[in-house]
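**Student:** quick one, structure for this:
(2 chains)
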Amino acid sequence: LLCWNSLLSSYAQAESILKVRDVFVRMPCRNIVSWNVLLHFYARIGDLERVREFFHSRIPEFDMASLTTMVAAFSQKGHLEEARSVFDSMPERDVVAWAVMFNGYSHNGYLEDAKRVFDLMPRHDILIHTTMLSAYAQYGYMLEARLVFERMPSRDIVVWNIAIAGYSQVGNLTFAKKMFSEMPEHLDTVSWNTMITAYAQNGHLNHGIAHFFMLQVEGIAPDEVTFMTILTACSRIGMLATGLECFMLMQRDHGLEPSKEHFNTMIDILSRAGELQNAKDLINSMPHSPN
RNA sequence: CUGCGUUACCU
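**Tutor:** Residues are numbered from 1 along each chain as shown, chains lettered A, B, ... in the order given. All right, here's what the predicted structure looks like:
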C-alpha cells in the first residue's frame, strides 16, 4: 500500500491525470492517504467540482489533511467564503490548517481578514510570520512588514530573501542591496535569484546579468529560475549572444532541462534578433508541444 | 505514503 501511495503521489506531482486515475483504480486497496492524494491532485489542477464532490460524499472519511486540502483548493481559486465554511466545519485544527486559511486570505489580498485569523491562532510558528511578512511586503505595506520582521522570534534565510524581494518590489534597490550584503545567513540560490530580479525589476538588466556571472564565481549552483530570469532579461534587452550562451550553459554545465518557458523565451530572443529560421528550427526541435 | 512560507516566465 505504501508503494502504491508513493506511486500515486509521484504521478499527482507530475500532474498526469490519466496515470493518476489509472493507478488509483488499479490499486489493490486504498486508505485515507490514497484518497487524500487524489483529493490533493484535484485541488492542484483546480478542479473544484471534484473537490466539492469529495466534501459532500465523505469518501471514505476525512482527516485533518483532507479538510485542509479542501480549504487550500477553494482559497487558491479565490472562493474564500467556501474555504472558510470548510475551515469552520473542521472538528479540530492544527498549525497547518490555520496556516492554510491564513494563506488564503493573505494571497488574495485580504490582509485585514488574514490579520484577524492571525490573532485567533493558538500558536504562531515561523512559517506564519513568514507568510504574514511576505503578504505585507508584496502589497507594499512596508511599515507593517517591517514590524513583523522585527517582532519575529527567529529569522531564517527565507525571511531575509522576502525582505530583499519586498524592497525590490517597492523600488528600493538600495535597501535590497543592503539586505543582500548584510544578511547573516548564508546566501542561497533563491537569494541570488531574488537579487538578480531586483536589478532587472528596477531597470538595471545589465547589472542583473553581471550578477549572474558573479553567482557562478561564488560557487552557488544556478537553477531553472536563475536561467529563466536571465533569459527574460536578455530578451528585453536584446542580447542574443548572452541569451544563447546561457541557454547552452544551463544544459551543458548545470545539467538542467530547459522547460517550455525557457524555450519560449529563447525563441523570443532569436525572433527579436531577426533569426527567424533559427527560431523556427528551435520550435521544431524542442521536446515540448508548442503553444 | 498525503495537507502550510521566499525568487523567474505566462496569466
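**Student:** okay, CA-based contacts and neighbour counts for the rest of this
**Tutor:** Will do.
**Student:** so what's the closest residue to A:Phe74 other than its chain neighbours up against?
**Tutor:** If the residues on either side of it in the chain are set aside, A:Phe74 comes closest to A:Ala83, at 5.1 Å by C-alpha to C-alpha, 6 or more residues apart in numbering. By C-alpha atoms under 8 Å, 6 or more residues apart in numbering, the contact set of A:Ala83 is A:70-75, A:101.
**Student:** just those residues that are near RNA strand B?
**Tutor:** Among the contacts of A:Ala83, the ones lying close to RNA strand B by the criterion of C-alpha under 7 Å from any atom of the strand are A:Ala72.
**Student:** which members of the contacts of A:Ala83 occur in strands, if any?
**Tutor:** The subset of the contacts of A:Ala83 located in strands under the criterion DSSP state E is empty.
**Student:** list just the nearest of the contacts of A:Ala83 to RNA strand B.
**Tutor:** Comparing the contacts of A:Ala83 against RNA strand B with C-alpha to the nearest atom of the strand places A:Ala72 closest, at 6.2 Å.
**Student:** hmm, A:Trp98 and that closest one touching each other?
**Tutor:** No - taking contacts as C-alpha atoms under 8 Å, A:Ala72 lies outside contact range of A:Trp98: 10.7 Å.
**Student:** of those two, which one has the most company?
**Tutor:** Neighbours were counted for A:Ala72 and for A:Trp98 using other C-alpha atoms under 10 Å; A:Ala72 has more, 27 against 22.
**Student:** A:Arg151 and RNA strand B, how far apart?
**Tutor:** When distance is defined by C-alpha to the nearest atom of the strand, to the nearest Å, A:Arg151 is 14 Å away from RNA strand B.
**Student:** likewise A:Met214?
**Tutor:** 16 Å.
**Student:** same thing with A:Leu18?
**Tutor:** Applying C-alpha to the nearest atom of the strand to A:Leu18 and RNA strand B gives a distance of 18 Å.
**Student:** what is the burial count for that residue?
**Tutor:** A:Leu18 has 10 neighbouring residues, counting by other C-alpha under 10 Å.
**Student:** any chance of the contacts of A:Ala83 in CSV with pLDDT as columns?
**Tutor:** As requested, those are exported to CSV (pLDDT from 0 to 100):
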residue, pLDDT
A:Met70, 96
A:Val71, 96
A:Ala72, 96
A:Ala73, 95
A:Phe74, 96
A:Ser75, 95
A:Met101, 95
